[in-house]
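**Q** sequence and predicted structure are below.
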4 protein chains.
Amino acid sequence: MFQSEVSIRVRYAETDRMEYVYYGRYAEYFEIARVETLRSLGITYRELEDSGILLPVLEYQVKFLKPVYYDEMITVKTVIPVLPAARIQFEYETFNNENVRVNIASTSLVFIRKETKKPCAAPESLLSRLRPYFS
Amino acid sequence: MFQSEVSIRVRYAETDRMEYVYYGRYAEYFEIARVETLRSLGITYRELEDSGILLPVLEYQVKFLKPVYYDEMITVKTVIPVLPAARIQFEYETFNNENVRVNIASTSLVFIRKETKKPCAAPESLLSRLRPYFS
Amino acid sequence: MFQSEVSIRVRYAETDRMEYVYYGRYAEYFEIARVETLRSLGITYRELEDSGILLPVLEYQVKFLKPVYYDEMITVKTVIPVLPAARIQFEYETFNNENVRVNIASTSLVFIRKETKKPCAAPESLLSRLRPYFS
Amino acid sequence: MFQSEVSIRVRYAETDRMEYVYYGRYAEYFEIARVETLRSLGITYRELEDSGILLPVLEYQVKFLKPVYYDEMITVKTVIPVLPAARIQFEYETFNNENVRVNIASTSLVFIRKETKKPCAAPESLLSRLRPYFS
């Protein structure tokens, strides 16, 4: 498996009138977590798209353990648990300021060709960087 | 069980550069679906909060079957599958313009007291309106 | 000038921990106001884009007079004050549940070709529908 | 005057189907710019709120000069041009990856008491830190 982590400051815009981060905004944190996980492997998601591959989300699950509040600096720990094939999995654990785990989540994304919108294999540029972590 | 449905027009703001609705924005559609489901029972979520009860989301799962595009009029069909107790479940199916099912989702929310942030039972005002659908 | 109005229900997602609608979310209401103003003229912004014309926002000003709260049904009154040429202006006034004016805003958008990203004239399909209101 | 700057990575969620950052999302960048400007003075907006003072936005203007794209690292340069009294002004200039200015903006915010929602003077904790820059 491959692991990475990223810290994110909670924006005022992300809170709701319950004073918690709105449940829909966590998806953005996990997007950042995925993108920075790839960047830590030397791959930018932007370049992946520019090379003609899109990576839409197929499945997303999240379980909220504790609320997250305005201005907290949260840390998302991300794991790619299996070598990607047609799909790529990401698993996330988020920790707050006090290092308390506040949620766990997972996403499954599918590689598709931008032109045809048809599924395709994970690009070799990604696989070659990931393989060392899965042997 | 209790069923309800609501139609929502996709905003430009909700799309991303893939031309699909951003995966994080669906949470807002399901929020609308919950709120309108309660309203169709004669309960406004706003009044529930004003009476001192909050209803944060504990779990959220979504499976995307088809993308949704800008300006589509989607319909979310919502089901409350079991009579609420400490938690309330909602299950959703979303259909696009052409009545094709584009995703399925579910959320679990917990009743908490605004003052104490401690869990509490589902309010009787809600239960009394739901019971006829669960006998 | 041409006038139109649209009603919008405030989403929980749009509020922030101040219990007001977050100042950045009003831009979405004005987007809806523009799109529905065009629709009331028989033009869908979606078709405009599909025909190769984009309409990015160049300038946006908003003055907040009163806060807007969760679940309020607001009404945005929109005016196209002058016949569009290279740009199109929209002016907005938003009213709350109690018909109190809560903000005034304006946007200036520019017609550009999708292919070249260069400015172009307002399309004749739009102008022909607007001219009767400006004579 | 007092100056500060902050860098922000553009999220996928912030783009729209035009491939630009959605015009409504810039408000979040300016929120971050304000909050980090105050933090650079030794003040956290969170603490200001916790001490009973809210700072809602009264006016917001933005002029877009160039689009901003996914994954760009933008820099917002913020200026507090005058010592705050009942209101506080912020002026912003945003620069992209290539140091090209992409927009200019300004906001005016008002100090209000959380309890009464009535306007109040800028807190001395803020003024004492700002005065050295305005003499």
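**A** All right, it came through fine. Residues are numbered from 1 along each chain as shown, chains lettered A, B, ... in the order given.
**Q** next one: phi and psi at the spatially most distant residue from the centre of chain A?
**A** Among residues of chain A, the one most distant from the C-alpha centroid is A:Arg17; the distance is 26.2 Å, by C-alpha atoms, centre = their mean. Backbone torsions for A:Arg17, taken as degrees, to the nearest 10, come to phi -70, psi -10.
**Q** residue contacts, it?
**A** B:Glu49, C:Tyr12, C:Thr15, C:Asp16, C:Arg17, C:Met18, C:Glu19, C:Tyr70 (C-beta atoms under 8 Å, 6 or more residues apart in numbering or on different chains). (Glycine included, C-beta is placed from N, CA and C.)
**Q** can you add pLDDT, distance to B:Pro56 and secondary structure and give the residues you listed back as CSV?
**A** What follows is the contacts of A:Arg17, written out as CSV (pLDDT from 0 to 100; distance: C-beta to C-beta, whole Å; DSSP: H, G, I helix; E, B strand; the rest coil):
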residue, pLDDT, distance to B:Pro56, secondary structure
B:Glu49, 95, 11, helix
C:Tyr12, 98, 11, helix
C:Thr15, 98, 14, strand
C:Asp16, 97, 16, coil
C:Arg17, 96, 14, coil
C:Met18, 95, 18, coil
C:Glu19, 95, 16, coil
C:Tyr70, 97, 15, coil
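**Q** which among those gets closest to chain D?
**A** Each of the contacts of A:Arg17 was checked against chain D using C-beta to the nearest C-beta; the closest is C:Met18, at 5.6 Å.
**Q** so A:Pro119 bridges to which residues?
**A** A:Ile112 (DSSP bridges).
**Q** my guess is it meets A:Ile88, correct?
**A** No: the pair A:Pro119 / A:Ile88 is not scored as a contact, 12.0 Å apart, by C-beta atoms under 8 Å.
**Q** joint contacts of those two?
**A** A:Phe111.
**Q** which of those two has more neighbours?
**A** A:Ile88 (21 against 11; other C-beta atoms under 10 Å in any protein chain shown).
**Q** show me which of the contacts of A:Arg17 are buried.
**A** Among those, those classed as buried by 16 or more other C-beta atoms under 10 Å in any protein chain shown are B:Glu49, C:Tyr12, C:Thr15, C:Asp16, C:Arg17, C:Met18, C:Tyr70.
**Q** could you pull up the contacting residues of the third one?
**A** If a contact means C-beta under 8 Å, 6+ apart, then C:Thr15 has A:Asp16, A:Arg17, C:Val21, C:Tyr22, C:Tyr69, C:Tyr70 as its contacts.
**Q** can you do 6 Å?
**A** Shown in contact with C:Thr15 (C-beta atoms under 6 Å, 6 or more residues apart in numbering or on different chains): A:Asp16, A:Arg17, C:Val21, C:Tyr70.
**Q** so what's the residue nearest to the residue farthest from the centre of chain A when sequence neighbours are not counted bridging to?
**A** Once flanking residues are discounted, A:Arg17 sits nearest to C:Thr15: 4.1 Å by C-beta to C-beta, 6 or more residues apart in numbering or on different chains. Beta bridges link C:Thr15 to C:Val21, judged by DSSP bridges.
**Q** which stretches in chain A count as helices?
**A** In chain A, helices defined by DSSP state H lie at A:26-40, A:45-50, A:124-130, listed in chain order.
**Q** residues in chain A within reach of chain B, list them.
**A** When proximity is defined as C-beta under 6 Å from any C-beta of the partner chain, chain A approaches chain B at A:18, A:23-24, A:27-28, A:54, A:57-64.
**Q** one more time with 7 Å
**A** Residues of chain A lying near chain B by C-beta under 7 Å from any C-beta of the partner chain: A:18, A:20, A:23-25, A:27-28, A:54, A:56-64, A:67.
**Q** mind listing what A:Tyr45 touches?
**A** Taking C-beta atoms under 7 Å, 6 or more residues apart in numbering or on different chains, we find A:Tyr45 in contact with A:Val35, A:Leu38.
**Q** pLDDT at it, what is it?
**A** If you check A:Tyr45, the pLDDT there is 96.
**Q** quick check: it vs chain B, distance?
**A** According to C-beta to the nearest C-beta, to the nearest Å, A:Tyr45 stands 11 Å off from chain B.
**Q** same check on A:Tyr92?
**A** A:Tyr92 is 13 Å from chain B, by C-beta to the nearest C-beta.
**Q** surely that residue touches A:Ile80?
**A** No: counting by C-beta atoms under 7 Å, A:Tyr92 does not reach A:Ile80; the two are 10.9 Å apart.
**Q** between the two ends of stretch A:117-129, how far is it?
**A** 25 Å (C-alpha to C-alpha, to the nearest Å).
**Q** who touches it?
**A** For stretch A:117-129, contacts defined as C-beta under 7 Å, 6+ apart pick out A:41-43, A:48, A:53, A:83-86, A:88, A:110-113.
**Q** how many other residues sit next to A:Tyr22?
**A** Neighbours around A:Tyr22, by other C-beta under 10 Å: 24.
**Q** could you tell me the model confidence score at the nearest residue to A:Glu115 once chain neighbours are set aside?
**A** The shortest distance from A:Glu115 to any non-neighbouring residue, by C-beta to C-beta, 6+ apart, is to A:Gly52 (6.5 Å). Note on A:Gly52: pLDDT of 96.
**Q** wait, A:Gly52 sits on A:Ile112?
**A** No: applying C-beta under 7 Å, one finds A:Gly52 not in contact with A:Ile112, separated by 9.8 Å.
**Q** these two: who's more crowded?
**A** For A:Gly52 versus A:Ile112, the count of surrounding residues by other C-beta under 10 Å is larger for A:Ile112: 18 against 13.
**Q** I figured A:Val102 hits A:Tyr69, correct?
**A** No: using C-beta under 7 Å, A:Val102 is not in contact with A:Tyr69; the gap is 9.9 Å.
**Q** more neighbours, the two?
**A** Neighbour totals were compared for A:Val102 and A:Tyr69, and A:Val102 leads with 22 against 17 (other C-beta under 10 Å).
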